[in-house]
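A.B. asks: From the sequence below, what's the structure:
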Amino acid sequence: MSLAKKSPLFLSPAPKRRRLQQTETPDTFSDVTYGSDEESEEHDIVEFFPSDILGSIFFGGYVNSLEVVKTASCICKDLMEIAKEKVTMLDLRRCPMMVTSDLSVLTKRFPNLQELDLSYCDDIDRIKGLKSLRLRILNLRGTEISDSGIVAFLKSKNAHYLEHLDLSACDANSSDLITDATAELLSKHCRNLRVLKLGWRRQVTDSAVQFLSSLKHLVELNLSLTNITVRGCSLLSKCKSLEKLNLSACPIGEMALESLLPAEGGSNLTHLSLRFHRDLDEHSLASLLDRTPNLEYLNVEHCGLTRESLKKIFHPLQLRGVEIKVERNTATDNTQPM
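C.D. replies: Now for the predicted structure:
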């Protein structure tokens with residue numbers, strides 16, 4: 001069977017085309033046709049469907065090969081125009097060729113983008129070129145983005161559309177590039193933010209939490225490996241909407257858990273990660289569990305808890321259906337090591 005019979009999506013417009021024989025492989029897309037041996041009809045997929053259906057086929061999940069979409073877009077101007085209108089999500093993570101200057105081109109080619117993943121694109125250090133987009137989700141994890149590199153985007157007229165932002169660092173060299181200044185801008189210009197990840201940003205302190213506590217829609221916050229202390233935990237208790245919180249490896253001290261939760265009423269927390277907190281003991285943990293009735297997940301890996309301590313708290317956790325993560329060497333039969 002020829003390639004054309006297998007996949008008519010590879011057809012492209014050409015003034016005259018020939019049918020491939022069984023033993024041939026196409027050198028270019030213009031060689032591919034389909035039809036009977038006696039009479040080959042000239043067709044083009046763009047002629048078969050209106051733009052909205054064609055857009056759904058290529059950009060709505062029906063074609064799962066990025067290479068197919070890229071190639072088809074290159075050889076078909078009509079498809080390029082459809083992509084300009086229909087593409088709202090783009091995953092460019094770990095793209096080695098992506099540089100800061102490409103962002104302006106990206107914006108012009110896909111002006112309706114709402115979700116963009118640039119994580120681990122090492123050469124991205126500023127995103128001014130994205131400020132015309134109405135992005136809801138932006139992932140910049142592991143890039144070289146800094147306070148100065150993100151300020152123009154956060155001050156743009158479209159910043160209020162942002163709901164999910166990942167600014168986590170992935171190594172010590174870039175961990176100092178984002179500071180409390182970015183948190184202040186987020187509190188002023190991104191009032192609809194629901195998810196914020198600032199992991200391994202060592203210049204993020206309690207002052208950042210003071211700014212972020214004004215975000216009324218924030219449901220998930222990752223502050224792992226930042227410089228949040230017990231004061232920051234006290235400020236977090238004002239975040240009534242918070243459901244998922246990661247404070248792993250923060251210098252919060254043994255009294256932090258008491259100040260973390262509201263003085264009155266229960267907490268809305270469903271997920272809590274406290275990895276590498278050596279001051280955590282069974283009494284403070286038990287108190288925490290009493291005040292988090294909605295808790296579904298608790299990570300206390302590398303907190304120095306003994307098997308005996310875990311046994312004392314596990315039974316009430318089991319009754320509530322809470323998933324607990326501990327390191328393998330202290331795990332009981334009913335806990336799950338990471």
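
A.B. asks: need the helices for the stretch 51-200 of the chain, in chain order.
C.D. replies: In the stretch 51-200 of the chain, the helices defined using DSSP state H, counting those that start in this stretch lie at 51-59, 66-75, 77-86, 102-109, 147-154, 180-189.

A.B. asks: For the residue most central in space within the chain, give me its contacts.
C.D. replies: For the chain, the residue nearest the mean C-alpha position is N139 (4.9 Å; CA atoms, centre = their mean). Counting by CB atoms under 8 Å, 6 or more residues apart in numbering, N139 makes contact with 93, 116-119, 164, 166. The way it works is simple: take the backbone N, C-alpha and C, and place the C-beta from them, glycine included.

A.B. asks: Report the beta-bridge partner residues of it.
C.D. replies: Taking DSSP bridges, one obtains D117, D166 as the residues bridged to N139.

A.B. asks: In the chain, where is pLDDT below threshold?
C.D. replies: Residue ranges of the chain with pLDDT under 70: 1-51, 53-77, 263-266, 328-338.

A.B. asks: Quick one: neighbours of L235, just the number.
C.D. replies: Counted with other CB atoms under 10 Å, residues neighbouring L235 total 19.

A.B. asks: got the contact list for the host helix or strand of it?
C.D. replies: If you go by DSSP states H and E, L235 is part of helix 230-236. Applying CB under 8 Å, 6+ apart, the contact partners of helix 230-236 are 205-206, 208-210, 213, 221, 223, 242, 245, 247, 250, 252-253, 255-257, 259-260.

A.B. asks: Among these, name the buried ones.
C.D. replies: Among the contacts of helix 230-236, those buried by neighbour count (16 or more other CB atoms under 10 Å) are 205-206, 208-210, 213, 221, 223, 242, 245, 247, 250, 252, 256-257, 259-260.

A.B. asks: rewinding a little: closest one of the contacts of N139 to H189?
C.D. replies: H164 (15.1 Å; CB to CB).

A.B. asks: how close does the closest one sit to H217?
C.D. replies: 11 Å (CB to CB, to the nearest Å).

A.B. asks: which neighbours do these two share?
C.D. replies: 193-194.

A.B. asks: picking that back up, okay, the contacts of N139 in JSON lines with distance to K155 and neighbour count next?
C.D. replies: Output for the contacts of N139, formatted as JSON lines (distance: CB to CB, whole Å; neighbours: other CB atoms under 10 Å):
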{"residue": "R93", "distance to K155": "26", "neighbour count": "14"}
{"residue": "L116", "distance to K155": "18", "neighbour count": "25"}
{"residue": "D117", "distance to K155": "23", "neighbour count": "19"}
{"residue": "L118", "distance to K155": "19", "neighbour count": "26"}
{"residue": "S119", "distance to K155": "23", "neighbour count": "20"}
{"residue": "H164", "distance to K155": "19", "neighbour count": "16"}
{"residue": "D166", "distance to K155": "20", "neighbour count": "20"}
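
A.B. asks: Quantify the burial of the closest residue to D123 other than its chain neighbours by counting its neighbouring residues.
C.D. replies: Leaving aside its sequence neighbours, D123 sits nearest to V99 (CB to CB, 6 or more residues apart in numbering; 4.4 Å). V99 has 13 neighbours, counted by other CB under 10 Å.

A.B. asks: same question, Q318
C.D. replies: The number of residues near Q318, taken as other CB under 10 Å, comes to 12.

A.B. asks: Can you read off the backbone torsions of it?
C.D. replies: phi -60, psi -40 (degrees, to the nearest 10).

A.B. asks: Can you give me the distance of it to K155?
C.D. replies: For Q318 relative to K155 (CB to CB), the value is 49 Å.

A.B. asks: ok, now L90?
C.D. replies: 23 Å.

A.B. asks: Equivalent analysis for D279, please.
C.D. replies: 40 Å.

A.B. asks: cool, L223 as well?
C.D. replies: From L223 over to K155 (counting by CB to CB), the distance is 24 Å.

A.B. asks: which one is D91 nearest to, not counting chain neighbours?
C.D. replies: Of all residues not flanking D91 in the chain, D117 sits nearest, at 4.7 Å (CB to CB, 6+ apart).

A.B. asks: Hmm, R94 and that neighbour touching each other?
C.D. replies: No - with contacts counted by CB atoms under 8 Å, D117 stays clear of R94, the gap being 9.6 Å.

A.B. asks: Helix or strand: which one has L272?
C.D. replies: Assigned by DSSP H and E, L272 falls within strand 271-273.

A.B. asks: hmm, I was thinking of S287
C.D. replies: helix 282-290.

A.B. asks: quick one: contacts of that helix?
C.D. replies: 254, 257-258, 260-261, 272, 295, 298, 300, 305, 309, 312-313, 316-317, 322.

A.B. asks: From those residues, pick the one nearest M80.
C.D. replies: Nearest to M80 among the contacts of helix 282-290, with distances taken as CB to CB, is L272, at 46.9 Å.

A.B. asks: gap between that closest one and E296?
C.D. replies: Taken as CB to CB, the span from L272 to E296 is 9 Å.
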